[in-house]
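Participant: got a structure for you, letters missing:
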């Protein structure tokens, strides 16, 4: 069983976007045990698309096309495929209903080209687009390769591939073996450091694949194993999991592709019924908006403060003017006063603060990336830590938020009351 | 002049790494005015690599291979190419010297396979690797396509492509024409709506390409023209630019790949010396952290409030308890009171507020996506608008922020005082 991924889009050929769709599909094929020996990118041009479809169909059992299902004139993938297969395009009533409903709800006029998004090649199984309007399709041929049609926008592609396509591929082609995989997440260690520390373990593995991925401000490891039953594969992975934790456990914070440091920390806070607020200077609300992304956070988060100007630090969270005058705002004492002040104002169990230099210029003679994070945790003495973050303005702010969450995670883990 | 990029690496086919090398090279080709209609990925397998080299050489003038130049057994790209070209591999003395020196300096034993990194196809021009050991090559054929051999590790690839390969490509092929392009940015209109409105203009164009791209919550158009001089190309684009604005100007907010709605609005606010604050409920600081991303915002942004809980709306920005009790917090009156209250607390020229339902559940019987945005602009009467955003929790919050910025943009554009 062999598959080729064809990404359709002139913007990839021009280098305007990176072809992450093929990466995502390739990972899925690897999990399904389907081999993939080629990937192709072609522009929004029916002749050239037709030519690569022909080459791909000759050398594969399954051809996966992503992109070009939208409503614009550039979008010609399914028309080209239908022509290649010599079948008509037919309309999916449920997709059409969704399109019509969207335009009705949003009070916009539906144009004719939007109808195109509900079409798929006759004889195929239509695939629902849960994050968009363009319908996908899975076409099984008698005398040619099979075809899978997926949308181009990554949110639509990933959702459709996971929920609609993968089960159908598994059903159509079966699995060569049971594959089990697990994602471990780490914060506070770089990909190269992690790999160096784990190198003996990685080299010694023959049955469990350990694949590191550097994500924004964190690293994940995907452990995968194949075995005759999932239970056997899972046991193999459990062993390696324990070995990894013995080596780099202090940086490990959780499992799962959809997990994140903020989700882990906020769920712990909700379970512990600990309320939280913040006073933010350089991050300007990024910490609070990040915790606000976690559903259910309202149980522990009443709100907080953005204290960007010096006066706001004094007015909103009562940082004494004397501290600002003597130590400056990029200081331990200001960070501590902000955390304590915010916690007191909203009467929460925990207060976090961020003050520092986002850049590009210096502030109070301190270079961009110098950040103090304060933590007033329950009845413990307030603390503040200094960081030096690399990167541009936005990266420094994002790294500050991650460091604040990690500080909170360590405080939660060390909190003996929560272990009772 | 037409080129194809072939990335060689099984790890790309398995989805373990994303093929950013092809993106990087594609951008460089676009700059050089070299067309690229195909990209291919193939694994570390000489038969399949040979097959894709043959296909690529038939349909292109130049084939660019990246990856597989290293010292391991998997690295077979130049051996395969040399066989295809029927030439020997020869050693680059300077590359060999560098490899020998590295092992001497680092006190490691040089293994035989490391010598492989100094080899390149006979007849080619070797390309220095400033960030690694594997030498690259540029081979100009008489009767086949030309070939460019580049290393796989991104640090090595980008450096070699920029400093070694690009000058040689420019010298070998020259530029076909001067290319000039311009990006126009739009908010408040979907890609399909924009394309429908501009269809007659797009269809009527023969010399200026109008390419739409849907970005997160906005749409851009890239206008590109080729001409003998940049001035001529620019004039062609100016004309189309004016025609587009005449048609959809109300949604146009600015130019440039690195521009954004927030940058445009905040720069206008700074220029007008109008200070700004916000009270945020469902967005939980996302509006403020977004404006905080713009360098120089401190001139007009003292700080603000995250009023997530009802009590915080009352305590921090003085929303009257009677309004909350009578109208609820997802209401016009609450949005208005939040904007006015925040503006008054920090004595700013403008106050913005966000209150609504981020979801996933309902709030006060209203569905997720129902959002009120308030605006207290200078001495004008406070306003509040209701929106119904689609999407998940995070998308609803992001769309709210964009709508708030757009509200501000329209207020600024309508402000007669600023035009004096």
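Facilitator: Great, that's in hand. In this text, all values refer to a predicted model and were calculated from it rather than measured experimentally.

Participant: confidence score at the nearest residue to residue A:136 once chain neighbours are set aside?
Facilitator: Nearest non-adjacent residue to residue A:136, counting by Cβ to Cβ, 6 or more residues apart in numbering or on different chains: residue A:127, 3.4 Å away. Any C-beta I mention is one placed from the backbone N, CA and C, and that applies to glycine too. At residue A:127, the model reports a pLDDT of 97.

Participant: in chain A, which helix or strand is least confident?
Facilitator: strand A:208-215 (a mean of 78; mean pLDDT, DSSP states H and E).

Participant: List the buried residues for that strand?
Facilitator: For strand A:208-215, a neighbour-count test (16 or more other Cβ atoms under 10 Å in any protein chain shown) marks A:208-213 as buried.

Participant: by contact count, what packs against the next helix or strand after it?
Facilitator: For strand A:208-215, the following helix or strand on the C-terminal side (DSSP states H and E) is strand A:218-227. In terms of contacts (3 or more Cβ pairs under 8 Å, 6 or more residues apart in numbering or on different chains; DSSP states H and E), strand A:218-227 is packed against strand A:178-186, helix A:191-204, strand A:208-215, helix A:230-248.

Participant: Let me see the ranges of the strands in the stretch 51-200 of chain A.
Facilitator: For the stretch 51-200 of chain A, strands defined by DSSP state E, counting those that start in this stretch occupy the ranges A:62-66, A:89-91, A:119-121, A:125-127, A:136-139, A:146-150, A:178-186.

Participant: For my notes, please list the buried residues of strand A:208-215 in JSON lines and give distance to chain B for each entry.
Facilitator: Formatted as JSON lines, the buried residues of strand A:208-215 follow (distance: Cβ to the nearest Cβ, whole Å):
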{"residue": "A:208", "distance to chain B": "15"}
{"residue": "A:209", "distance to chain B": "9"}
{"residue": "A:210", "distance to chain B": "11"}
{"residue": "A:211", "distance to chain B": "5"}
{"residue": "A:212", "distance to chain B": "9"}
{"residue": "A:213", "distance to chain B": "8"}
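
Participant: among the helices and strands packed on strand A:218-227, which is nearest residue A:270?
Facilitator: Taking Cβ to Cβ, strand A:178-186 is the member of the helices and strands packed on strand A:218-227 nearest to residue A:270, at 19.1 Å.

Participant: Confirm for me that the residue nearest to residue A:136 is in contact with residue A:147.
Facilitator: No: counting by Cβ atoms under 8 Å, residue A:127 does not reach residue A:147; the two are 11.7 Å apart.

Participant: intersection of neighbour lists for the two?
Facilitator: Contact criterion Cβ atoms under 8 Å, 6 or more residues apart in numbering or on different chains; residues shared by residue A:127 and residue A:147: A:137-138.

Participant: Name the residue of the stretch 101-250 of chain A that lies nearest to chain B.
Facilitator: For the stretch 101-250 of chain A and chain B, the shortest gap (Cβ to the nearest Cβ) falls at residue A:111, measuring 4.5 Å.

Participant: Domain map for chain A?
Facilitator: If you go by automatic domain parsing, the domain ranges for chain A are A:2-173, A:178-255, A:261-419.

Participant: worst average pLDDT in the ones you listed?
Facilitator: domain A:178-255 (a mean of 87).

Participant: Just list the residues touching residue A:401, thanks.
Facilitator: A:283, A:286-287, A:290, A:354.

Participant: Then residue A:328?
Facilitator: By Cβ under 8 Å, 6+ apart, residue A:328 lies in contact with A:334, A:364.

Participant: Show me which residues of the stretch 101-250 of chain A sit near chain B.
Facilitator: A:102, A:105-106, A:108, A:111, A:113-114, A:153, A:211, A:213 (Cβ under 8 Å from any Cβ of the partner chain).
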